[in-house]
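Visitor: quick one, structure for this:
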Amino acid sequence: MKKHFLNIFILLITITTMAQTTSPSISVNGSTTHTIKPTFNAKMILSLNNVYYDAPGTTFPELKESYLATLEKNGIDLKALKEDKFAYELLRYEKEGTYFEFKTTSIETLEKFISVKAFGVSQSDSSFEYTLTDDEIAMYAKEAYDNAKAKAEAIAKKIDRKVGKAIYIHDNNLNKISESLYYGSDFSKRDYQISVSFELL
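Guide: Here you go, the predicted model:
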């Protein structure tokens with residue numbers, strides 16, 4: 001029992017000592033806005049499950065040929081179209097079909113692709129993605145850091161203190177980002193944010 005109380009006493013002394021030696025600090029978020037050049041991605045399901053009374057007796061090869069011909073007729077480059085039969089199998093549809101993925105760097109081209117109507121076609125989902133290089137990440141992180149430091153200095157000045165060196169930086173931004181498409185979203189800019197803690201002198 002005495003040993004148990006002794007351990008507790010030592011722990012309390014250690015915590016108290018750490019609290020007394022911890023320097024005061026200020027933590028803020030910093031951000032910068034940067035431009036992006038995304039790649040747009042639309043996924044379509046072509047399936048006999050989607051064919052009802054409109055086209056009785058239609059076979060899947062006929063359905064696929066008709067869809068591809070309709071895309072070409074509307075100016076869609078079929079080389080940008082990727083077929084993924086395994087992805088379709090994972091959907092567990094009863095009837096024969098396939099899965100198409102279309103990628104482009106033009107939002108106008110994506111709109112054209114999505115707007116093409118054909119028998120047996122339904123849209124799965126649409127998204128866009130972009131990748132930041134290591135140099136871009138370093139540059140945006142520095143800009144966000146400068147923003148955080150300016151914010152910390154402004155706050156410190158209001159309370160008659162000064163900002164010292166950075167003691168903690170947290171950056172959880174990814175190199176590759178993927179987002180779902182939705183109406184009204186901005187495809188040209190994104191914010192880069194980090195958290196920084198500074199000594200408060």
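Visitor: touching, D84 and E101? I think so.
Guide: Yes - counting by CB atoms under 8 Å, E101 is a contact partner of D84 at 6.2 Å. No exception for glycine: its C-beta is placed from N, CA and C like everyone else's.
Visitor: straight-line length of stretch 46-66, end to end?
Guide: 11 Å (CA to CA, to the nearest Å).
Visitor: got the contact list for that stretch?
Guide: With contact meaning CB atoms under 8 Å, 6 or more residues apart in numbering, stretch 46-66 is reached by 67, 88, 93-100, 118-122.
Visitor: please enumerate the helices of this structure.
Guide: 2-21, 60-73, 85-90, 107-115, 134-158 (DSSP state H).
Visitor: adding mean pLDDT and mean neighbour count, write those out as a markdown table.
Guide: Below are the helices of the chain laid out as a markdown table (pLDDT from 0 to 100; neighbours: other CB atoms under 10 Å):
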| stretch | mean pLDDT | mean neighbour count |
| --- | --- | --- |
| helix 2-21 | 45 | 9 |
| helix 60-73 | 93 | 15 |
| helix 85-90 | 93 | 13 |
| helix 107-115 | 94 | 15 |
| helix 134-158 | 96 | 16 |
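Visitor: any idea which of these gets closest to K43?
Guide: With CB to CB as the measure, helix 85-90 is the member of those nearest K43 (8.1 Å).
Visitor: keeping just the C-alphas, turn the closest one into PDB.
Guide: Extracted in PDB, the C-alpha atoms of helix 85-90 (Å, rounded to 0.1, in the frame of the first residue of the first chain):
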ATOM      1  CA  LYS A  85     -16.500  -5.500 -66.900                       C
ATOM      2  CA  PHE A  86     -15.300  -6.600 -63.400                       C
ATOM      3  CA  ALA A  87     -16.800  -3.400 -61.900                       C
ATOM      4  CA  TYR A  88     -20.100  -4.300 -63.500                       C
ATOM      5  CA  GLU A  89     -20.000  -7.800 -62.100                       C
ATOM      6  CA  LEU A  90     -19.500  -6.400 -58.600                       C
END
